[in-house]
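Visitor: A predicted structure for the sequence below; I have some questions about it.
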Amino acid sequence: MVRHLPTPSIAMSVTSLALLIAQPASAETVTLGIGTQDTTTNTVTAGVVIRQLHLLEKYLPKDGKYANIKFELEWQNFTSGPPVTNAMMANKLQIGMMGDYPLIVNGFTFESNPESKSRLIGVAAYSLSGSGNGLVVHKDSPYYDLADLKGKLVSVPFGSAAHGMVLKAMQDRGYASDFFQLVSQSPEVGSTNLQEKKIDAHADFVPFAELLPFRGFARKIFDGVETNLPTFHGIVVRTDFAEKYPEVVVAYFKAVIAANQWLRNDPKLAAEKIQEWTGISKEVVYIFLGPSGNMTTDPTIKPALIDAATTDVKVLQNLGRMKEFDPKKWVDDSYIRKAYAEMKLDYDAQLASTKNYEISGEDAFCKKPIADPRKAGEVWVDEAGIMPFSSASCTLGAYADFKSKGKKINVAYVFDTTRGIKLFADQAFFAVGNGDVAPFLLKKDAEAYAAKISGKVLGFEDAVKAAVGGGKT
Amino acid sequence: MSSPALARHPEDSMPATAVAEAGSAPAVTPPAPPVSFGTLALRWYRLNRAGLRATAIGIISLLAFLLVWHLLTTYRVVFFVRFTNVPSPLAVYASFTKAMHDPKFLMHILLSCRRIFIGFSLAAIIGVPLGLIMGRFKLVHEIIFPVAEVLRPIPAIAWVPMAIMLWPTNEQSIVFITFLGSFFPILVNTLHGMSLVDPVLVRAAQCLGARERSIFREVYFPASLPHIFTGLTVGMGVAWVSLIAAEMISGQYGIGYFTWEAYSLVQYADIALGMIAIGVLGLGSSLLIRGAGQLVMPWRST
């Protein structure tokens, strides 16, 4: 028997089970498939945290029309966005999360789906300045700036947020499209190739631009902040599912809000748990999601992000990868607004705020309160915890102090002096002179600053010695 | 040595007879051509009737496949298997015409063919002799067989990170993966062929005073040739199967990469185009091997 379905009138039942048995049962089981990207650290509060803490089960509606419906949650983990889109198109997943470029491709691909469209219903995490994406080179390579990579082999996963960053950076600097030999490599392939020095540079999305340097073989020479174009990971839903079970989508957002709360209540514990669940080192998780981190977890759909998506659409159109697509019509904030209202939270206030949660407290080494979190620093002492310090100089001083007491230090964080992004202290360049210790991501920024204060550019070890000596070289 | 000489002989004699005919009977020949054309066509048809029939049925079956595909996708049939979002043949054809105007597409295909050619040739050059030696000498078999059996089931995609680390250039890594894909089928089939050689033939050759080398050349090798060619055909197929995994490394060119990139940008028509291109190229290369098999084993050609 072949059934022809000329119109989408006979809506696809989301229950694959019902399709198999083809018998209506009194207690209906509805399978909700959620596609996550566990290793893409900035989506964890919309995915793995909810799954592991069973937050969605807590908020799922149980009365009214849901009295006889049993929800079966099916979590599927992917390493990039396109497979999520593919599974959503096939109705194996109803909710999915991915970075800005894959999201747009998702919305555009669904335009030609007769059964359902997709809508952007919320955000997992964002960076208004475009941090998170980055470009790394091998640590032994002589490249310190994009300009050094002229004619070199650079790989990036095509169609990813990082690809967008590279294209924007080239456009900003007026580089011709063949300035680099740009090739497409997935994170797995690109990482191995960089380690083996088969490629000169690899650009990637969260968490690889931090993870590879942390693993010890790479150095970040370009951060997305330099493009100043917002980047984000968002959540999309199939409209056929959302229209049939709107309360479930609302419940999902309550779970997202609860997951964010859990993360911010104890970022250290959260980082450790996320390491346990996803395999991404806790020190790397913390640089993104900890206080004053490089990503802000906030589910509200900021207009700035949608403007950025409009820019991204143009980039894809210029590449001939997409036809007409209007991101504004694709956004649907009704579910998340309802979740905020039902939890008695103010959506519009959150929407207007672009504040992250910041480092605060008392500096136990320099004995003063932390005034400016983006000039501060943190030291993660194994077993003792993460301690905040009021300045880079105090952070390095405290680091030396812990070392001399024989404590084991996991990692130390400082902030880029001009851009305010969180750095691994041992990867930073320090401009030191006249009692000033100023950390930088880029060597050239550090050199410029050092010239200004007539100081010197030092590596981490020397900077620690200089900080102990009172900031003199 | 003898067959090329035989083949050259008629070639040499041809011009002589042609000249003789042209000189002796210019008046008698004219009525002959119209008759001979018709009869020639008829004779050709009779000779190739079976082949023509197969070709005609093949074309009809391919057209039927396209038609079914077209109908399934235009009416978006859902009957357990869902064709809702599967690209239609026309959409794939549109992709195809677009790709044809893009010089890059040809580059993808050429590079893939080169990779398959090198990888497959290496696999054949190493796999066939190794299989023959393993089949003949028990010790070699005992040493190599366990290793081969452990490595054989590992899928091409799992080899990707190792291949990147093992070889200095990416091109070599890619060729290595296609090599692995075709190597094991070739080796296993050659071994199988060797195990099926009739021991009576070997003993007969020994009784006639044949030495080890002659037995190898005259008995073992020809007797296992059919299986070797089965191995080569299967190996060629698996080489194409490994292509997508292998070309994930390349990041730039190759029909496998083309398909992979289409996936990462969720372009279903291009994915289908890549699949079909791999299918057609795979078919072409298998035909080449079968042709070679018929040349090498004329006693088997039908």
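Guide: Nice, thanks for sending it over.
Visitor: near chain A, which residues of the stretch 201-302 of chain B?
Guide: B:M248, B:I249, B:S250, B:G251, B:Q252, B:Y257, B:E261, B:Y263, B:S264, B:L265, B:V266, B:Q267 (CB under 8 Å from any CB of the partner chain). All C-beta atoms are positioned from the backbone trio N, CA, C, and that covers glycine.
Visitor: among those, who's most crowded?
Guide: If you count neighbours using other CB atoms under 10 Å in any protein chain shown, the busiest of those is B:I249, which has 30 neighbours.
Visitor: separation between that residue and A:V189?
Guide: Going from B:I249 to A:V189 by CB to CB, to the nearest Å gives 6 Å.
Visitor: overlap of the contact sets of those two?
Guide: Here B:I249 and A:V189 have B:V160, B:I164 as joint contacts, going by CB atoms under 8 Å, 6 or more residues apart in numbering or on different chains.
Visitor: let me have the residues of the stretch 201-302 of chain B next to chain A in a markdown table, adding pLDDT and secondary structure as columns.
Guide: What follows is these, written out as a markdown table (pLDDT from 0 to 100; DSSP: H, G, I helix; E, B strand; the rest coil):
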| residue | pLDDT | secondary structure |
| --- | --- | --- |
| B:M248 | 83 | coil |
| B:I249 | 83 | coil |
| B:S250 | 79 | coil |
| B:G251 | 74 | coil |
| B:Q252 | 80 | coil |
| B:Y257 | 90 | helix |
| B:E261 | 85 | helix |
| B:Y263 | 86 | helix |
| B:S264 | 81 | helix |
| B:L265 | 81 | coil |
| B:V266 | 84 | coil |
| B:Q267 | 86 | coil |
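Visitor: tell me the contacts of the residue nearest to A:Y252 when sequence neighbours are not counted?
Guide: Leaving out its chain neighbours, the residue that sits closest to A:Y252 by CB to CB, 6 or more residues apart in numbering or on different chains is A:L56, at 6.0 Å. Residues near A:L56 by CB under 8 Å, 6+ apart: A:I50, A:L73, A:A251, A:Y252, A:A255.
Visitor: show me the contact partners of the helix or strand harbouring the fourth one.
Guide: For A:Y252, the host element (DSSP states H and E) is helix A:246-265. With CB under 8 Å, 6+ apart as the contact definition, helix A:246-265 has outside contacts at A:32, A:34, A:44-46, A:49-50, A:53, A:55-56, A:58-61, A:66, A:71, A:95, A:121-122, A:124, A:235, A:237, A:241-242, A:270, A:289, A:297-299, A:335-336, A:338-340, A:342-343, A:345, A:357.
Visitor: in helices only, show me the residues you listed.
Guide: Assigned to helices by DSSP state H, the following of those qualify: A:49-50, A:53, A:55-56, A:58-59, A:241-242, A:270, A:289, A:335-336, A:338-340, A:342.
Visitor: all helices of chain B, in order?
Guide: For chain B, applying DSSP H gives helices covering B:2-24, B:32-47, B:49-74, B:89-100, B:103-136, B:138-151, B:156-166, B:170-195, B:199-207, B:212-215, B:221-241, B:243-247, B:255-264, B:268-296.
Visitor: which of these has the highest mean neighbour count?
Guide: helix B:243-247 (a mean of 26; mean count of other CB atoms under 10 Å in any protein chain shown).
Visitor: may I have that one as CSV, with CA atoms only?
Guide: What follows is helix B:243-247, C-alpha atoms only, in CSV (Å, rounded to 0.1, in the frame of the first residue of the first chain):
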residue,chain,number,x,y,z
LEU,B,243,36.5,8.0,-0.4
ILE,B,244,34.3,10.2,1.7
ALA,B,245,36.1,9.3,4.9
ALA,B,246,39.5,9.8,3.1
GLU,B,247,38.6,13.2,1.6
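Visitor: low-confidence stretches in the chain?
Guide: Going with chain A. For chain A, the stretches with pLDDT under 70 are A:1-26, A:471-473.
Visitor: could you do chain B instead?
Guide: Residues of chain B that meet the criterion pLDDT under 70 lie in B:1-35, B:301-302.
Visitor: could you redo the last one with a cut-off of 80?
Guide: Counting by pLDDT under 80, chain B has low-confidence residues at B:1-36, B:250-251, B:300-302.
Visitor: domains of it?
Guide: Per the record, chain B has its domains at B:37-82, B:89-301, by automatic domain parsing.
Visitor: export these as JSON lines, with columns for distance to A:S454.
Guide: Shown next, in JSON lines, are the domains of chain B (distance: least, CB to CB, whole Å):
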{"stretch": "domain B:37-82", "distance to A:S454": "70"}
{"stretch": "domain B:89-301", "distance to A:S454": "45"}
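Visitor: flag every buried residue along the helix or strand hosting A:A446.
Guide: Using DSSP H and E, A:A446 sits within helix A:443-452. Judged by neighbour count (16 or more other CB atoms under 10 Å in any protein chain shown), helix A:443-452 contains these buried residues: A:D445, A:A446, A:E447, A:Y449, A:A450.
Visitor: count of neighbours near the residue of the stretch 201-350 of chain A found nearest chain B?
Guide: Distance from chain B to each residue of the stretch 201-350 of chain A (CB to the nearest CB) is smallest for A:R321, at 5.7 Å. When counting by other CB under 10 Å, one arrives at 18 neighbours for A:R321.
Visitor: nearest residue to it in space, ignoring adjacent ones along the chain?
Guide: Sequence neighbours aside, B:L265 is the residue nearest to A:R321 in space, at 5.7 Å (criterion: CB to CB, 6+ apart).
Visitor: isn't the one you found right next to A:V105, touching?
Guide: Yes: the criterion here is CB atoms under 8 Å, and B:L265 meets it with A:V105 at 6.2 Å.
Visitor: give me the common contacts of these two.
Guide: Joint contacts of B:L265 and A:V105 (CB under 8 Å, 6+ apart) are A:P82, A:G159, A:R321.
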